[in-house]
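K.L.:
Sequence and predicted structure are below.
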Amino acid sequence: MKDGKCPKCGSVEVYSSRDLMLKGGPFGSNSIPVSLASMAALDNYVCTDCGKVESYVADEDKLNEIAGKWKPVRSDSEAE
Ligand SMILES: [Zn+2]
């Protein structure tokens, strides 16, 4: 969806909040908790034809933090 095309309906009417100021949103509503003390703001991509939303963590430091703190999904499925 970052390429400007909706993966669901194929529309190119995709808009992004990437350049939005204060994109963490009021009270961090547009962010996800990384740890107790850390939030990662999200860039949202919205298709205005079908309403699909995709969210991405834009901050590379937060991505590294998540990789260090969260449990990888891959190893969960291998354990089963
Ligand atoms: Zn769409």
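P.N.:
Now that the structure is in, tell me what you want to look at. Numbers count the residues shown, from 1 in each chain.
K.L.:
The helix or strand harbouring Leu42 pairs with which strands, parallel or anti?
P.N.:
For Leu42, the element it lies in under DSSP states H and E is strand 38-47. Counting by DSSP bridges, the strands paired with strand 38-47 are strand 14-16 (antiparallel), strand 31-35 (antiparallel), strand 53-57 (antiparallel).
K.L.:
now the helix or strand containing Asp61: how far from the chain's centre is it?
P.N.:
Here Asp61 sits within helix 60-69, counting by DSSP H and E. From the chain centre to the centre of helix 60-69 is a distance of 13 Å (Cα atoms, centre = their mean, to the nearest Å).
K.L.:
Next: stretch 44-52.
P.N.:
14 Å.
K.L.:
now check it, is it near the ion?
P.N.:
Yes. Applying Cβ under 5 Å from the ion, one finds stretch 44-52 in contact with the ion at 47, 49-50, 52. Bear in mind the C-beta positions are built from the backbone N, C-alpha and C, glycine included.
K.L.:
In ChimeraX, how would I select the buried members of these?
P.N.:
To isolate the buried ones among these in ChimeraX, judged by 16 or more other Cβ atoms under 10 Å, type:
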select :47,52
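K.L.:
so Leu63 touches Val57, yeah?
P.N.:
Yes. Contact criterion Cβ atoms under 8 Å: Leu63 and Val57 qualify, at 5.7 Å.
K.L.:
Overlap in contacts, these two.
P.N.:
Shared contacts of Leu63 and Val57 (Cβ atoms under 8 Å, 6 or more residues apart in numbering): Ala40.
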